[in-house]
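**Q** Sequence first, then the predicted structure:
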Amino acid sequence: MKILVVDDEALLVKGIRFNLQSDGYEVVTGVNGLDAVRLAQDPEVSLVVLDVMMPQMDGLTACSKIREFSDVPIILLTAKADDIDKLIGFDNGADDYLTKPFNILELKARIRALLRRSGAGRDHTPNALTIGTITLDLDARNAYRSGVLVDLTAKEFDVIEFLMRNANRVYSREALLDSVWAYEYRSDIRTLDVHIRRLREKLEENPAEPKYIMTKWGVGYYFRK
């Protein structure tokens, strides 16, 4: 599936593109509303992620113009959190709305939900992720160990989802912080270590001898598949 990402913040676009490509999506990008309208005319585009505040043509205008020729799902990104701004976005044809700074995993979850709703991702995007005895319900954001529901915090779920989606790949602590916390704030190493410890306590049969959530000494963490 092809996703169009349009934002004039180059680093933000780079991060979104990397994460979506890691999930197997094809990603095309633009930097302003004119790009959005032009690129959205590609019939292979399955979803549009569109910033509101951009040069040449703002995202709201671009969203309205895209709606003149396409019903592709559109997610608006904005720095404004007021309800009136959200309503204006919906009036212009947006399907969803995400306020900056945001969590990249939340953006990906909303993308999956919209693709399923539109039918575009029905045969491509699983609703659950299972490795060994651990299962994640990606829609409900619930975690299970051997079929038993485990109570995870939102951030614990984000960490384990990221590691499971990238199983057997070792990530440094810094890389994990950038990937999971990137668009909220830069946390510290101790915060990540605490999350890993709690995940082992909740998901491993023997936290002292983990089977899945592994440490690569001197490097970082990974999920063993």
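**A** Yep, it's here.

**Q** Tell me where the longest strand sits in the chain.
**A** Across the chain, the longest stretch assigned as strand under DSSP state E is strand 45-51.

**Q** so what strands line up beside that strand?
**A** Strand 45-51 has its sheet partners listed here by DSSP bridges as strand 2-6 (parallel), strand 74-78 (parallel).

**Q** in this protein, what secondary structure element scores lowest on mean pLDDT?
**A** Ranked by mean pLDDT, DSSP states H and E, the helix or strand of the chain with the weakest confidence is helix 83-91, at a mean of 62.

**Q** S22: how many residues sit nearby?
**A** A count of nearby residues for S22, using other CB atoms under 10 Å, gives 14. Backbone N, C-alpha and C define where each C-beta goes, glycine included.

**Q** For the residue nearest to it when sequence neighbours are not counted, which residues are in contact?
**A** Once flanking residues are discounted, S22 sits nearest to N166: 7.0 Å by CB to CB, 6 or more residues apart in numbering. Contact partners of N166, counting by CB atoms under 8 Å, 6 or more residues apart in numbering, are S22, Y222, F223.

**Q** Also P210?
**A** P210 sits next to R200, E204 when contact means CB under 8 Å, 6+ apart.

**Q** Just the pLDDT for the residue nearest to S22.
**A** N166 carries a pLDDT value of 92.

**Q** Repeat that for A182.
**A** According to the prediction, A182 has pLDDT 61.

**Q** quick one: average confidence on the longest strand of the chain?
**A** Predicted confidence along strand 45-51 averages 95 (mean pLDDT).

**Q** picking that back up, sort out which of the contacts of N166 are in strands and list them.
**A** Y222, F223.

**Q** ranges for the helices of the chain?
**A** With DSSP state H as the definition, the chain shows helices at residue ranges 10-22, 33-39, 59-66, 83-91, 104-118, 154-165, 173-181, 189-203.

**Q** Flag every buried residue along the fifth one.
**A** Same thing as helix 104-118. For helix 104-118, the neighbour count (16 or more other CB atoms under 10 Å) marks I104, L105, L107, K108, A109, R110, I111, R112, A113, L114, L115 as buried.

**Q** I'd like these laid out as a markdown table, including pLDDT and distance to D35.
**A** Written out in a markdown table, the entries for these read as follows (pLDDT from 0 to 100; distance: CB to CB, whole Å):
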| residue | pLDDT | distance to D35 |
| --- | --- | --- |
| I104 | 89 | 22 |
| L105 | 88 | 26 |
| L107 | 92 | 19 |
| K108 | 92 | 22 |
| A109 | 90 | 25 |
| R110 | 89 | 22 |
| I111 | 93 | 19 |
| R112 | 91 | 24 |
| A113 | 88 | 25 |
| L114 | 90 | 21 |
| L115 | 89 | 22 |
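
**Q** Closest to F157 out of those?
**A** The shortest distance between F157 and any of the buried residues of helix 104-118, using CB to CB, involves L105 and amounts to 8.3 Å.

**Q** What separation do you get for the nearest residue in space to the closest one that is not next to it in sequence and N32?
**A** Take L105 and drop its neighbours on the chain: the residue closest to it by CB to CB, 6+ apart is D158, 4.6 Å away. Here the distance between D158 and N32 works out to 31 Å (CB to CB, to the nearest Å).

**Q** And these two? Which one has more around it.
**A** A direct count of neighbours by other CB under 10 Å for D158 and N32 places D158 higher, at 22 against 19.
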